[in-house]
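# The following comprises the amino acid sequence and a computationally predicted model.
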Amino acid sequence: MFVPTLMGQCTPEQQAYWLPRALDMQIIGTYAQTELGHGTFIRGLETTATYDPETETFVMNSPTLTSYKWWAGGLAKTVNYCIVVAQLYTKGVCHGTHPFIVQIRDEETHMPRPGVKVGDIGPKLGFNTADNGYLGFDNYRIPRDNMMMKNAQVLKDGTYVKVARHGKATYGTMVFVRVLLVNEAAFNLAKACTIAVRYSAIRRQCSPDSEGSELQVLDYSTQQHKLFICIATAHALQLNSTWLWKTFSDTLAAIKQGNVDTLPELHALSSCLKALSTADAASLIEQCRHACGGHGYMMSSGLPYLYAFVTATRTYEGDYTILLLQTARFLVKAYEQVEAGKPLTPTVSYLSQAFTGKKLPWDSSPDGIIRAFQALAAGKLSSTVKSLRKRLESGLSYEQAWELSTIQLNGAAEAHCRAVMSQNYKSEIERLTVNSSPNVKLVLQQLYKVYLYYWALERTGDLLLYTSISESDIFELQLRYEGLLKEIRPNAVGIVDAFDLRDEVLHSALGSYDGNVYERLMAEAQKSPLNAEPVNQTFHTYLKPMMKGKL
Ligand SMILES: CCCCC/C=C\C/C=C\C/C=C\CCCCC(=O)SCCNC(=O)CCNC(=O)[C@H](O)C(C)(C)COP(=O)(O)OP(=O)(O)OC[C@H]1O[C@@H](n2cnc3c(N)ncnc32)[C@H](O)[C@@H]1OP(=O)(O)O
Ligand SMILES: Cc1cc2nc3c(=O)[nH]c(=O)nc-3n(C[C@H](O)[C@H](O)[C@H](O)COP(=O)(O)OP(=O)(O)OC[C@H]3O[C@@H](n4cnc5c(N)ncnc54)[C@H](O)[C@@H]3O)c2cc1C
């Protein structure tokens with residue numbers, strides 16, 4: 001995050017000085033925004049940067065314990081520089097949060113600079129290869145030029161100058177990282193389902209008839225139900241990630257031309273896609289672990305590490321709930337656009353359905369299900385806005401009415417995101433397979449149908465509310481879904497092999513390409529320190545005295 005922020009928040013002159021040093025690893029930096037007391041609420045950050053025109057420096061301070069920077073990756077022992085997000089004060093006026101480049105350790109000795117308190121925050125659920133740290137300042141001075149001045153400046157005499165045309169220019173790095181994290185979710189879910197599907201093809205357990213041999217667990221319908229949605233989702237996230245990256249690039253290009261019109265939609269899309277992709281990936285990676293029984297619980301399976309790594313992405317770079325609420329904010333505005341008869345941006349153009357007053361006729365084709373997801377999203381948004389307005393009419397303020405409606409707002413944002421993801425998934429597969437062999441087309445179509453049927457069956461309640469789907473339609477869809485799983489089964493291992501993930505990348509005794517699961521599990525077990533000697537010394541110091549009643 002250090003380099004993307006240098007690129008996004010520095011003037012060209014500042015980039016010319018800092019970027020080469022950062023890219024050449026002459027300096028190592030991190031992005032220190034979150035504090036002990038605040039992560040989500042950026043406007044509530046307490047670290048201060050007060051400009052002193054006498055010395056043309058900013059004085060950095062941590063006025064309270066909760067103002068200590070907390071969590072930044074590499075902060076504890078690795079980095080010697082930080083991008084610090086602090087409340088900027090000049091001429092006695094606070095101008096809100098701004099980014100500053102702060103040297104925290106000596107470049108030769110690596111000792112913390114005087115006035116800097118830095119350390120490690122302690123063990124975490126995962127990510128323990130990163131030394132996430134804390135950072136406090138005690139009247140620590142940095143040169144005026146260390147303020148990242150692309151979007152705002154403080155002149156030598158302390159005059160504050162706003163440069164950026166849009167209010168949230170300083171939040172740009174977070175949008176960039178959120179876009180990257182969708183791809184990260186796809187990549188890690190692909191690893192987990194490769195491990196789980198390969199293992200499920202090797203693992204034999206139980207024989208339905210006592211004479212027969214034990215079945216591959218991958219033959220069980222319940223195992224296919226657990227795992228094939230994981231494969232389908234890995235592809236869905238990858239294709240949405242590529243689509244979002246293009247949307248991001250197009251928006252950046254427009255901003256460079258001075259046009260910020262598409263920024264709100266990009267923020268809404270990057271928010272909900274980051275939220276859903278990381279949450280789906282984390283829960284489906286855990287589902288892959290569940291599908292591997294006891295051996296999935298071994299660190300040597302690679303699955304616990306993947307889960308611990310990915311579940312963090314649901315929180316960092318914007319907590320799941322918070323980001324969905326950001327998308328909901330955009331959707332409510334879009335709803336009001338429809339009411340006012342104004343044009344809508346492409347990803348919300350389906351909202352006009354919310355005003356037909358009729359249930360969408362159910363159509364179980366892939367396009368029909370996508371239209372149903374859109375009708376469901378429009379219906380949930382419409383119902384949410386109705387709740388919001390009912391509360392406003394009761395005399396509540398907008399903030400109070402909004403807060404009381406946030407459960408529905410989050411539901412509407414999730415439904416919108418599912419509709420966008422489903423639409424992108426199908427259209428990207430069709431675009432990318434135009435010249436593919438019929439077999440490849442067939443397999444990829446089967447996978448997006450798994451995704452569509454799975455989520456339609458997960459949302460039958462909402463579909464009954466907003467479409468004409470009937471009980472027998474749902475019954476038929478369930479049978480069709482279960483039949484589709486059986487069609488995919490013969491290709492399942494080939495499909496995950498196609499992720500082309502090397503053993504060194506999978507780090508898994510269960511998912512290695514050669515399938516020698518049991519030999520690898522035993523080999524990994526031998527590495528346990530407890531196997532260094534036949535009798536551990538704790539027998540003599542604890543067990544034996546205890547058994548002899550002498551403890
Ligand atoms: C490059 C590295 C990653 C690569 C990935 C690869 C591998 C992954 C492995 C490791 C990853 C590495 C390390 C971990 C990284 C994690 C680092 C961090 O976590 S950094 C800290 C992240 N923190 C957050 O995300 C905080 C979340 N909070 C917020 O974003 C904001 O507080 C807020 C919730 C958005 C609210 O902000 P605010 O109160 O200022 O704004 P509002 O009043 O709600 O809205 C005002 C207005 O502004 C619009 N807006 C808000 N944010 C943005 C934005 N980002 N972009 C554009 N517009 C934005 C918002 O829509 C409102 O507009 P309007 O409705 O028109 O008024
Ligand atoms: C592994 C990891 C690495 C990280 N790396 C960095 C880093 O490099 N740099 C950095 O600056 N930060 C980093 N972070 C911090 C991360 O950005 C924050 O943890 C994240 O933004 C969430 O903020 P928080 O922890 O304060 O949670 P909070 O915002 O306190 O959330 C706690 C709960 O309150 C809820 N909540 C909060 N506000 C609202 C609201 N308005 N409405 C409804 N519910 C609400 C949340 O949904 C959540 O359920 C990292 C975190 C992790 C886990």
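Noted; the coordinates are in hand. Ligands and ions are numbered 1, 2, ... in the order given.
# what sits against the residue nearest to Asp261 when sequence neighbours are not counted?
Excluding its sequence neighbours, the residue lying closest to Asp261 (C-beta to C-beta, 6 or more residues apart in numbering) is Ala254, at 7.1 Å. (Glycine included, C-beta is placed from N, CA and C.) With contacts defined as C-beta atoms under 8 Å, 6 or more residues apart in numbering, the neighbours of Ala254 are Val260, Asp261, Thr262.
# Name the secondary structure element that contains Ala254.
Assigned by DSSP states H and E, Ala254 falls within helix 221-256.
# Could you point out the helix or strand that follows that helix?
Counting by DSSP H and E, the next helix or strand C-terminal to helix 221-256 is helix 263-290.
# which non-adjacent residue is nearest the residue in the stretch 51-200 of the chain positioned nearest to ligand 2?
With distances taken as C-beta to the nearest ligand atom, the stretch 51-200 of the chain approaches ligand 2 most closely at Trp71, which sits 3.6 Å away. Sequence neighbours aside, Thr34 is the residue nearest to Trp71 in space, at 4.6 Å (criterion: C-beta to C-beta, 6+ apart).
# same check, this time on Thr50
Nearest-residue entry for Thr50: Tyr89, 4.3 Å, with adjacent residues in sequence omitted and distances by C-beta to C-beta, 6+ apart.
# A strand includes that neighbour, no?
Yes - assessed with DSSP: H, G, I helix; E, B strand; the rest coil, Tyr89 lies in a strand.
# For the residue lying closest to Val179 once chain neighbours are set aside, give me its contacts.
Closest residue to Val179 in three dimensions, ignoring its sequence neighbours and counting by C-beta to C-beta, 6+ apart: Phe248, at 4.8 Å. The contact partners of Phe248, taken as C-beta under 8 Å, 6+ apart, are Val175, Phe176, Val179, Leu266, Ser270.
# rerun that using 7 Å as the cut-off
Contacts of Phe248 were listed using C-beta atoms under 7 Å, 6 or more residues apart in numbering, and they are Val179, Leu266, Ser270.
# Got the domain ranges for this structure?
Partitioning the chain according to automatic domain parsing yields domains covering residues 2-150, 172-336+365-392+403-433+441-492.
# where does the protein dip in pLDDT?
Counting by pLDDT under 70, the chain contains low-confidence ranges at 165-171, 551.
# which bits of it sit near ligand 2?
Residues of the chain found near ligand 2, taking C-beta under 6 Å from any ligand atom as the criterion, are 30-34, 38-40, 71-73, 127, 132, 312, 315-316, 318-319, 321-322.
# Based on its surroundings, how many neighbours for Thr321?
Counted with other C-beta atoms under 10 Å, the neighbours of Thr321 add up to 16.
# cool, and Thr40?
13.
# did I read that right, it in a helix?
No - secondary structure of Thr40, determined by three-state DSSP: coil, with no helix assignment.
# Isn't it up against Ile322?
Yes - applying C-beta atoms under 7 Å, one finds Thr40 in contact with Ile322, separated by 5.1 Å.
# Around ligand 1, which positions in this structure sit nearby?
Of all the residues in the chain, those in contact range of ligand 1 (C-beta under 6 Å from any ligand atom) are 1, 4, 31, 33-34, 39-43, 73, 167-168, 171, 174-175, 177, 180-181, 184, 263-264, 267, 316-318, 322, 326, 329.
# Quick check on these: which are buried?
Burial by neighbour count, 16 or more other C-beta atoms under 10 Å: within those this picks out 1, 4, 31, 33-34, 39, 42, 73, 171, 174-175, 177, 180-181, 184, 263-264, 267, 316-318, 326, 329.
# Please, where are all the strands along this protein?
For the chain, strands defined by DSSP state E occupy the ranges 29-32, 48-52, 57-61, 69-70, 81-90, 93-103, 116-120, 133-137, 140-143, 152-154, 160-162.
# Residues touching the first one, excluding its own?
With C-beta under 7 Å, 6+ apart as the test, strand 29-32 has contacts from 1-2, 5, 22, 69, 72-75, 79, 81-84, 135, 173.
# the inter-axis angle of the helix holding Ala254 versus helix 263-290?
On the basis of axes from the mean of the first three to the mean of the last three C-alpha atoms, to 10 degrees, helix 221-256 is oriented at 160 degrees to helix 263-290.
# Do I have it right that Leu409 meets Leu325?
Yes - look at Leu409 against Leu325 with C-beta under 7 Å: they come within range, at 6.1 Å.
# Give me the more crowded residue out of those two.
Between Leu409 and Leu325, Leu409 has the larger neighbour count (other C-beta under 10 Å), namely 26 against 20.
# Could I get the contacting residues of the residue lying closest to the more buried one once chain neighbours are set aside?
The shortest distance from Leu409 to any residue other than its chain neighbours is 3.8 Å, reached at Ala328 (C-beta to C-beta, 6+ apart). Remark: with contacts taken as C-beta under 7 Å, 6+ apart, Ala328 is in contact with Leu409, Asn410, Ala412, Ala413.
# could you measure Lys150 against Gln9, distance?
Distance from Lys150 to Gln9, counting by C-beta to C-beta, to the nearest Å: 5 Å.
# Neighbour count: those two, which is higher?
The neighbour comparison of Lys150 against Gln9 (other C-beta under 10 Å) goes to Gln9, with 26 against 20.
# residue contacts, the more buried one?
Neighbouring residues of Gln9 by C-beta under 7 Å, 6+ apart: Pro99, Met148, Lys150, Asn151, Thr170.
# And stretch 351-362, end to end?
18 Å (C-alpha to C-alpha, to the nearest Å).
# same check, this time on stretch 394-403
14 Å.
# follow-up on the earlier one: got the contacts of Phe248 as JSON lines, with neighbour count columns?
Converted to JSON lines, the contacts of Phe248 look like this (neighbours: other C-beta atoms under 10 Å):
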{"residue": "Val179", "neighbour count": "21"}
{"residue": "Leu266", "neighbour count": "22"}
{"residue": "Ser270", "neighbour count": "28"}
